[in-house]
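S.K.: Fold the following for me, if possible:
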Amino acid sequence: MGVIPRRLRGYLLGRAVVLTALLALVVGFGQGGGATSPMPTDRFFAVAAASLAFSLVAALGAGHAPVALGARVQVGWDLACATALVYLSGGAFSPFATLYPLGIIGGAILLGRREALLAATAASLAYGALVNLQLYGVLRPPGALVGAHEAAAKFLPHLSFHVGAFFALAVLAGSLAEELRRTGARLEEAEAEVLDLEHLQASVLASLGSGLVAVDRRGREVFHNRAAEELLGRAGVPLAAGTDLSGAFDLAAGERREVTVGAGPLTLGYSVSPLWDRGGRRRGSILICQDLTDVKQLEANLRRADRLAAVGRLAAGLAHEVRNPLASLSGSVEVLRQGPEAGEEAQVLFGIVLRETERLNRLVTNFLHYARPDRAESAPFGLAELVDETSFFFQQGEGRSGFRVVNRVPPDLVLTADRSQVEQLLLNLFRNSIEASPEGVTATVEGETAPGAVRVTVRDDGPGMLPEVAAHAFEPFFSRRPGGTGLGLATVHGIIENHGGTVVLEAAPGAGVALHFRFPAPVGEPQG
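M.R.: Residues are numbered from 1 along each chain as shown. Modelled structure (predicted):
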């Protein structure tokens with residue numbers, strides 16, 4: 001069955017109630033024997049049953065036929081049934097003439113003022129024809145609930161009264177129906193606006209980037225948006241109906257606060273505002289939170305950049321104050337070492353001085369590379385060739401004992417970067433590997449092209465790193481190795497940042513160390 005319009009459904013229900021009441025009335029009259037000329041109740045029941053059956057058929061078919069057509073057929077049927085019942089119950093003076101107004105009201109409710117006037121006209125014509133035919137003896141009603149014979153002079157006033165009442169009722173009911181229709185239209189518009197506002201509110205809350213949670217006065221969740229569910233879920237605070245948030249957040253706080261939660265951990269910034277009801281009474285709080293983890297990391301990077309800037313300002317002065325005396329000291333010791341008066345013990349001491357002078361010079365050099373890196377002058381070069389050259393050079397000096405390099409970079413791989421800085425990067429990594437494994441270590445260099453970048457991986461099979469060491473590996477002057485400067489990986493990090501790339505450290509105790517570099521490809525240069 002289709003959807004029945006509310007007005008037609010109400011009208012069909014009302015006429016079913018009226019017909020049921022009429023049947024009860026007829027049964028009562030039939031049992032009481034109050035009529036002078038008993039009305040043929042069998043015909044009355046037939047008409048009433050047909051009208052009820054028609055209502056049922058109309059209700060079943062209303063959803064499949066045009067509403068206006070179904071309403072007109074229903075009103076026409078009701079006027080015809082009213083005429084039949086009036087005829088069966090005495091004609092002109094039948095009390096069932098009051099059924100005509102029901103059809104007129106139905107026309108007004110279902111179709112409007114114009115149809116109500118048409119229904120009043122049809123009712124007047126039907127009732128007028130019945131009265132005139134009865135007056136001139138053409139029709140003889142089979143029974144009556146009132147006196148069977150009335151003076152002919154009473155027919156015309158009786159007919160005029162009913163016709164006037166029909167049209168007056170049509171005008172009044174039509175006006176009320178039109179006003180009701182306008183009110184209903186305004187109500188539907190208001191309902192549509194309310195639904196649109198509710199949808200807009202739900203969309204805004206769902207699209208809000210910040211997490212929003214409403215809690216009651218006990219701190220238990222009553223509402224949350226999608227961002228809050230995702231954010232707090234990652235923080236290890238899964239939201240559900242009635243979740244108590246008072247343990248994770250200070251719900252009494254008014255100013256902005258921060259809290260670190262989860263195993264990640266995540267740093268959440270949040271603010272709490274009171275939630276009021278219509279009566280101005282506080283019913284809970286509104287919690288708004290954001291993920292500040294990346295912001296905190298950026299702040300740490302900025303603080304490190306500030307420290308580096310201060311260190312850079314000292315670097316130039318340090319170079320002149322330390323490197324020049326070191327060169328003079330090294331040269332003087334070398335001259336003394338070659339003198340004839342230098343004995344075996346002096347040669348040992350001179351060697352120690354030269355070695356430590358070289359170490360101090362390397363420390364200053366690394367410090368300058370880290371604190372004030374040269375601007376990257378990028379140019380294309382073969383990465384595999386550079387790896388071979390750097391490893392050969394390194395193996396002739398610091399790596400001559402127990403150091404081995406496996407070059408797995410494709411021979412045709414071209415990297416666009418500052419060649420000298422990439423060489424310095426590789427040397428620092430090789431030096432770190434051999435210092436961590438003086439008994440011997442193998443370093444493997446791999447490379448591949450990727451969309452918009454070149455990926456380079458340098459790994460070794462040394463002792464690896466503890467997690468607490470790996471967390472600070474790129475910080476300057478951080479070293480757990482005796483004699484270490486803590487500038488090797490810090491310089492590596494500065495070089496890759498100088499190229500606009502990224503580096504990821506992968507390390508575990510006993511599993512070696514791997515550093516994954518991503519060098520961005522120059523604009524317009526195809527990669528991958």
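
S.K.: I'd guessed residue 274 sits against residue 282; true?
M.R.: Yes - counting by Cβ atoms under 8 Å, residue 282 is a contact partner of residue 274 at 5.3 Å. (Glycine included, C-beta is placed from N, CA and C.)

S.K.: so what's in contact with the two at the same time?
M.R.: Shared contacts of residue 274 and residue 282 (Cβ atoms under 8 Å, 6 or more residues apart in numbering): none.

S.K.: Touching, residue 489 and residue 473? I think so.
M.R.: Yes - the pair residue 489 and residue 473 qualifies as a contact (Cβ under 8 Å) at a distance of 5.0 Å.

S.K.: The two: which has the busier surroundings?
M.R.: For residue 489 versus residue 473, neighbours defined as other Cβ atoms under 10 Å are more numerous around residue 489 (24 against 20).

S.K.: same for the strand or helix carrying the more buried one, what does it pack against?
M.R.: According to DSSP states H and E, residue 489 maps onto helix 488-498. Contacting helix 488-498 under the criterion 3 or more Cβ pairs under 8 Å, 6 or more residues apart in numbering; DSSP states H and E are the following elements: helix 344-371, helix 419-436, strand 502-507, strand 513-520.

S.K.: Ramachandran coordinates for residue 217?
M.R.: Per-residue torsions, residue 217: phi -70, psi -20 (degrees, to the nearest 10).

S.K.: Who are the contact partners of it?
M.R.: Contact analysis of residue 217 by Cβ under 8 Å, 6+ apart lists 282, 283, 284.

S.K.: Got the confidence number for it?
M.R.: Note on residue 217: pLDDT of 82.

S.K.: Next: residue 89.
M.R.: For residue 89, the model assigns a pLDDT of 73.

S.K.: and it, how many neighbours?
M.R.: 26.

S.K.: Quick check, it in contact with residue 95.
M.R.: Yes - contact status for residue 89 versus residue 95: in contact at 7.0 Å, counting by Cβ under 8 Å.

S.K.: ok so, going back, neighbour-wise, which of the contacts of residue 217 leads?
M.R.: For the contacts of residue 217, the largest number of neighbours (other Cβ under 10 Å) sits with residue 284, at 20 neighbours.

S.K.: where exactly do the helices run in the stretch 151-300 of the chain?
M.R.: 155-207, 226-234, 293-318 (DSSP state H, counting those that start in this stretch).

S.K.: Determine which of those approaches residue 136 most closely.
M.R.: helix 155-207 (10.0 Å; Cβ to Cβ).

S.K.: what's that closest one packed up against?
M.R.: Using 3+ Cβ pairs under 8 Å, 6+ apart: helix 155-207 touches helix 99-111, helix 113-135.

S.K.: To which secondary structure element is residue 464 assigned?
M.R.: Going by DSSP H and E, residue 464 is not in any helix or strand.

S.K.: and it, what are its phi and psi?
M.R.: Per degrees, to the nearest 10, the backbone of residue 464 is at phi 80, psi -160.

S.K.: Surely it and residue 512 touch.
M.R.: Yes - in this structure residue 464 lies within contact range of residue 512 using Cβ under 8 Å: 5.4 Å.

S.K.: where does the stretch 401-528 of the chain have low pLDDT?
M.R.: 477-486, 523-528 (pLDDT under 70).

S.K.: let's see it at 50
M.R.: Along the stretch 401-528 of the chain, the model assigns pLDDT under 50 to residues 527-528.

S.K.: Flag the shaky bits of the stretch 1-150 of the chain, pLDDT-wise.
M.R.: Checking the stretch 1-150 of the chain against pLDDT under 50 turns up 1-4, 31-38, 144-149.

S.K.: what does stretch 456-464 contact?
M.R.: Here stretch 456-464 has contacts from 383, 409, 415, 426, 429, 433, 436-437, 441-447, 506-517, 519, using Cβ under 8 Å, 6+ apart.

S.K.: buried ones in that stretch?
M.R.: With burial defined by 16 or more other Cβ atoms under 10 Å, the residues of stretch 456-464 counted as buried are 456, 457, 458, 459, 460, 461, 462, 464.

S.K.: Could you look up the SS state of the fourth one?
M.R.: The one in question is residue 459. strand (DSSP: H, G, I helix; E, B strand; the rest coil).

S.K.: Tell me the bridge partners for it.
M.R.: Beta-bridge partners recorded for residue 459 (DSSP bridges): residue 444, residue 514.

S.K.: Residue 71 - nearest residue in space that isn't next to it in sequence?
M.R.: residue 110 (3.8 Å; Cβ to Cβ, 6 or more residues apart in numbering).

S.K.: Repeat that for residue 429.
M.R.: residue 458 (5.0 Å).

S.K.: and stretch 235-245, how far apart are its ends?
M.R.: End-to-end distance of stretch 235-245 (Cα to Cα, to the nearest Å): 12 Å.

S.K.: From residue 503, how far out is the residue lying closest to residue 474 once chain neighbours are set aside?
M.R.: Nearest residue to residue 474, sequence neighbours excluded (Cβ to Cβ, 6+ apart): residue 493, at 4.2 Å. According to Cβ to Cβ, to the nearest Å, residue 493 and residue 503 sit 6 Å apart.

S.K.: Show me which of these two is the more surrounded one.
M.R.: Shown here are residue 493 and residue 503; by other Cβ under 10 Å, residue 493 has more neighbours (21 against 18).

S.K.: I figured the more buried one hits residue 501, correct?
M.R.: No - with contacts counted by Cβ under 8 Å, residue 493 stays clear of residue 501, the gap being 10.3 Å.

S.K.: what about the residue nearest to residue 71, how many neighbours?
M.R.: 23.

S.K.: Is it correct that it is in contact with residue 78?
M.R.: No - here residue 110 lies out of contact with residue 78, judged by Cβ under 8 Å, at a distance of 10.7 Å.

S.K.: Skipping its backbone neighbours, what lies nearest residue 241 in space?
M.R.: residue 221 (6.7 Å).

S.K.: Could you measure from the one you found over to residue 215?
M.R.: Separation of residue 221 from residue 215 (Cβ to Cβ): 6 Å.

S.K.: Please point out which parts of the strand or helix carrying residue 336 sit buried.
M.R.: In this structure, residue 336 is located in helix 324-337 according to DSSP H and E. The neighbour-count check on helix 324-337 (16+ other Cβ under 10 Å) flags 330, 333 as buried.
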